[in-house]
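A.B. asks: fold the following, please.
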Amino acid sequence: MNRVRITSLALAPSLALALAACGGTGGDDASADFPSKEITWVVPYDAGGNTDSITRTVAEAMSKELGEDIVVENRPGGSGAIGMQHVQNADPDGHTIGLYTTGTMVVTPLVSDLGYSEEDFDNVGLMLTQPVVFLAMPDSDYSSIDDLVAAAKDAPGDISIGVPGATTPQGYELARMAEDYGVEFTPVPFDSNAEVVAALRGDNVDAIALNASQDVVTQIEAGDLTPLAVGEPERVTWLPDVPTLKESGFEDLTVSGTLIGLTAPAGLDEDVLAALEDALEVALEDEAVQEFLGADNVPDEFVGSEAVTEQLGERRAIYEALIDN
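C.D. replies: Presented below is the predicted three-dimensional model:
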């Protein structure tokens, strides 16, 4: 049975390499046999969080398509840099793949010299885009983004906003609010969406800005979290009454959906890349996968290697300009 397993950094021994059907032993034979052993999917965050759950769901469907087990390995730390570096340095044979986000692939390496950039990866495809949403507790003093902004203007720096990481797009947009609009919040970074929400529930921050993952959407729909604004060019279909930041006076903010997808070390054989692309495309068509990820978040048409690499380049240009300023 194909399955997904969650492991610590110590992995079980790999399966033996399959014998080539033909007599040769070169790289072409290896790519033709792909996958020849279990695949390790590195998640640069802790187990149990938003991106980890997404990975496990997609990995299960991809495992069925590829006919091999997929082992989900969590390598958190450094705002995702540790996991990304591990993928970067792995053999480019397709048996080590990784989950990326806009933050790990674009923003974090722009902020610090981590020894990797987009050029060190062969991106497989986009899994989903999650809109950024600003949230408060239902019993909070802030029932709208206007309330939150007014409080920040009255007491610059006193209003705290929880964000999922120090070098995330959300953190940089808060900095831009201060620099370009004179609205000064204090970003408080955490390691995951779950920690951000827990901080809000524990009254440790005044509001939060994070990706609208399915667990967050569920809490919004249950009335446990109050949405104040979304960081999208237009209102999202499932929150039609919630304004965008642009509508709320922040016309030039570039917060847009966070890209979450699948990548691999640079140098993949084109047949291996194609096999991973095909498996990901099939997985994203699975109804159970779409339900978990949120059908509105999954692209209507599959975004493969070339297109998603172009998307990431566009995001890099946006955030490079912000960070340089």
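
A.B. asks: element containing Thr129, please.
C.D. replies: strand 121-130 (DSSP states H and E).

A.B. asks: shaky segments in this structure?
C.D. replies: Low-confidence segments of the chain (pLDDT under 70): 1-31, 254-256, 325.

A.B. asks: okay, now the domains of it?
C.D. replies: Per automatic domain parsing, the domain ranges recorded for the chain read 4-128+260-324, 132-230.

A.B. asks: gap between Asn297 and Gln170?
C.D. replies: Counting by Cβ to Cβ, to the nearest Å, the gap from Asn297 to Gln170 is 17 Å. (C-beta placed from N, C-alpha, C; glycine too.)

A.B. asks: more crowded one of the two?
C.D. replies: The residue with more neighbours, out of Asn297 and Gln170, is Gln170; 27 against 23, by other Cβ atoms under 10 Å.

A.B. asks: which residues in this structure form strands?
C.D. replies: Ranges of strands within the chain are 4-7, 39-43, 70-74, 96-101, 121-130, 132-136, 160-163, 186-189, 207-211, 226-230, 258-265, based on DSSP state E.

A.B. asks: what is the second one packed up against?
C.D. replies: The one in question is strand 39-43. Strand 39-43 sits against helix 50-66, strand 70-74, helix 81-88, strand 96-101, with contacts defined as 3 or more Cβ pairs under 8 Å, 6 or more residues apart in numbering; DSSP states H and E.

A.B. asks: comparing these, which comes out most buried?
C.D. replies: Mean neighbour count, computed with mean count of other Cβ atoms under 10 Å, is highest for strand 96-101 among the helices and strands packed on strand 39-43, reaching a mean of 26.

A.B. asks: for that strand, packing partners?
C.D. replies: strand 39-43, helix 50-66, helix 81-88, strand 121-130, strand 258-265.

A.B. asks: pipe the helices and strands packed on strand 39-43 into a markdown table and attach distance to Ile161 per row.
C.D. replies: Formatted as a markdown table, these follow (distance: least, Cβ to Cβ, whole Å):
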| stretch | distance to Ile161 |
| --- | --- |
| helix 50-66 | 18 |
| strand 70-74 | 26 |
| helix 81-88 | 23 |
| strand 96-101 | 19 |
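
A.B. asks: of all the ones you listed, which lies closest to Val282?
C.D. replies: helix 50-66 (4.9 Å; Cβ to Cβ).

A.B. asks: give me the contacts around that closest one.
C.D. replies: 2-4, 6, 35, 39, 41, 43-46, 69-70, 72, 74, 99, 101, 127-128, 192-194, 211, 213, 215-216, 260, 262, 275, 278-280, 282-284, 286, 288-289, 292-293 (Cβ atoms under 8 Å, 6 or more residues apart in numbering).

A.B. asks: how does it look with 6 Å?
C.D. replies: Applying Cβ atoms under 6 Å, 6 or more residues apart in numbering, the set of residues contacting helix 50-66 from outside is 2, 4, 35, 41, 43, 45, 70, 72, 99, 127, 193, 213, 279, 282-283, 286, 289, 292.
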